[in-house]
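Participant: Next input, structure requested:
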Amino acid sequence: MKIKKGDKVIIIAGKDRGKTSTVVRVYPKKEKVVVDGVNMLKKHQRASASGGKGQIVEKAAPVHVSNVMIADPQSGKRTRIAIKSVNGVRTRVARKSGAQIS
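Facilitator: Below you'll find the predicted structure:
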């Protein structure tokens, strides 16, 4: 999988299409990523203490990696990724601009 934690991505499909945010967590075996502020679900939590109140918590759910594309570091538009080897070190490079992705 070419998308990693901390990458700036653009959502290309689904209810949050067009949003730009960062990847919080990656699940390589499931081919899913959790993106900050995208695909938010509401979870009802029961009261923890006897006198406490329950609450509704918003949580980001995983999105399939095919619905996400890396944002180009120079233009901010979506781009594909190439992997190039420089002096034996593999680096990710944006296809549109040729800029190196961290």
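Participant: Of all residues in the chain, which one is nearest the centre?
Facilitator: Nearest residue to the geometric centre of the chain (CA atoms, centre = their mean): Val23, 3.2 Å.
Participant: beta partners for that one?
Facilitator: Val35 (DSSP bridges).
Participant: residue contacts, it?
Facilitator: Counting by CB atoms under 8 Å, 6 or more residues apart in numbering, Val23 touches 3-7, 9, 33-36, 68. To be clear about C-beta, it is placed using only N, CA and C from the backbone, and glycine gets the same treatment.
Participant: Count the neighbours of Val68 for me.
Facilitator: Residues near Val68, counting by other CB atoms under 10 Å, number 23.
Participant: ignore the last one, Ser66
Facilitator: Other residues close to Ser66 by other CB under 10 Å number 10.
Participant: did I read that right, it in a helix?
Facilitator: Yes: Ser66: assigned to a helix according to DSSP: H, G, I helix; E, B strand; the rest coil.
Participant: pLDDT wise, what is it at?
Facilitator: According to the prediction, Ser66 has pLDDT 96.
Participant: starting at the chain centroid, how far to stretch 50-65?
Facilitator: Relative to its chain's centre, stretch 50-65 lies at 19 Å (CA atoms, centre = their mean, to the nearest Å).
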